[in-house]
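[1] Got a predicted structure plus its sequence, pasted below:
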Amino acid sequence: MSTDHHTTRESSDTVATDYEMLLRDELAKSPFERAMLGVFADRVLDAGGGRVADLGCGPGRITGHLASLGLDICGIDLSPQMVAVARWAHPRLRFDVGTMTALDFADGCLAGAVAWYSTVHTPLAELPQLFGEFQRVLTPGGLLALAYKVGDESVHLTHAYGHPLDLDVYRFPPDRIAELLGDAGLVESARLVREADGPGAPANTPQAYVLARKPE
């Protein structure tokens, strides 16, 4: 099954306002996410800083957090409504509508890129194209931060965030993700896998947080 960008965009547009409201404070409850994002920010800054992009930024909650850590960061998302909500929630940051399959960035222009759960609607077979784009826009030595759900199956959502939906959510095996990153020219340098919190919890499946670097 291939990614239906129209369906993904339509579903994201539908839930954008409620998604921002419901997840606004979730990062404060996730020390694992904050730790990996903190390491990402520190490494980008230690390497001299530079432009960073949050790819598939949604309502901008991760973009805003990384900006607070000192990164020069912008966000892009497929959903115009998500971008509108992000601009409202973070008026000092730049957000644009765009697709991760054809990023509107020059080759090697980014010191860092973030794809925080933004690949979850992409089948495993289509990840090489995304990872190739991530690698293309990163400068040599640039760093990617990736978060995804762990597993080897997909779930079809018909209702979420208070709205009816028609959306597939994919889970990925960490070793396979490391292989695909390597095939795209990105070397995994750190991986944290956390177990699920249990039924009904926001993190009700195992989650993986990865840092990968484009070699010098």
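    Structure received. Fair warning: this is a prediction, and the values are worked out from it, not measured in the lab.

[2] How about residues contacting whichever strand or helix holds F134?
    Assigned by DSSP states H and E, F134 belongs to helix 127-137. With CB atoms under 8 Å, 6 or more residues apart in numbering as the test, helix 127-137 has contacts from 53, 55, 100-103, 105-110, 113, 115, 119, 122, 144, 172, 177, 180-181, 183-186, 214. C-beta here means a position set from N, CA and C on the backbone, and glycine is covered the same way.

[3] and if you look at stretch 87-96?
    Looking at what lies outside stretch 87-96 - CB under 8 Å, 6+ apart - the contacts are 20, 24, 57, 59-61, 63-64, 67, 73-77, 83, 86, 104.

[4] Can I get that stretch in CSV, CA atoms only?
    Taking C-alpha atoms only, stretch 87-96 is exported to CSV below (Å, rounded to 0.1, in the frame of the first residue of the first chain):
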residue,chain,number,x,y,z
ARG,A,87,1.8,29.7,13.0
TRP,A,88,-0.8,30.6,15.6
ALA,A,89,0.8,28.6,18.4
HIS,A,90,4.4,29.8,17.6
PRO,A,91,4.1,33.1,15.8
ARG,A,92,7.8,33.9,16.0
LEU,A,93,8.8,30.8,14.0
ARG,A,94,8.5,30.1,10.3
PHE,A,95,6.2,27.3,9.0
ASP,A,96,5.5,26.4,5.4
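
[5] What's the first helix or strand after the element among helices and strands of the chain having the smallest mean pLDDT?
    In the chain, the helix or strand scored least confidently by mean pLDDT, DSSP states H and E is helix 5-23, which has a mean of 58. Counting by DSSP H and E, the element after helix 5-23 in chain order, helix or strand, is helix 31-46.

[6] Following element in sequence after that next one, please.
    For helix 31-46, the succeeding helix or strand toward the C-terminus, using DSSP H and E, is strand 51-55.

[7] Quick one: mean pLDDT for that following strand?
    Here strand 51-55 scores 98 as its mean pLDDT.

[8] Parallel or antiparallel, list what pairs with it.
    Here strand 51-55 has these sheet partners by DSSP bridges: strand 72-77 (parallel), strand 110-116 (parallel).

[9] quick one: it to helix 127-137, angle?
    When axes from the mean of the first three to the mean of the last three CA atoms, to 10 degrees is applied, the directions of strand 51-55 and helix 127-137 differ by 160 degrees.

[10] Give the buried residues for strand 51-55.
    R51, V52, A53, D54, L55 (16 or more other CB atoms under 10 Å).

[11] Show me which of the contacts of helix 127-137 are buried.
    For those, buried by 16+ other CB under 10 Å: 53, 55, 100, 103, 105, 110, 113, 115, 119, 122, 144, 172, 177, 180-181, 184, 186, 214.

[12] Okay, and which of these map to helices?
    Taking DSSP state H, the ones among the buried ones among the contacts of helix 127-137 that sit in helices are I177, L180, L181.

[13] I'd guessed the last one sits against A212; true?
    Think L181. Yes. With contact defined as CB atoms under 8 Å, L181 counts as touching A212 (4.9 Å).

[14] Now do the shared contacts for these two.
    By CB under 8 Å, 6+ apart, the residues touching both L181 and A212 are L144, L146, V187, E188.

[15] And the buried ones among those, selectable in PyMOL?
    Buried members of the shared contacts of L181 and A212, defined by 16+ other CB under 10 Å, are picked up in PyMOL with:
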select buried, resi 144+146+188
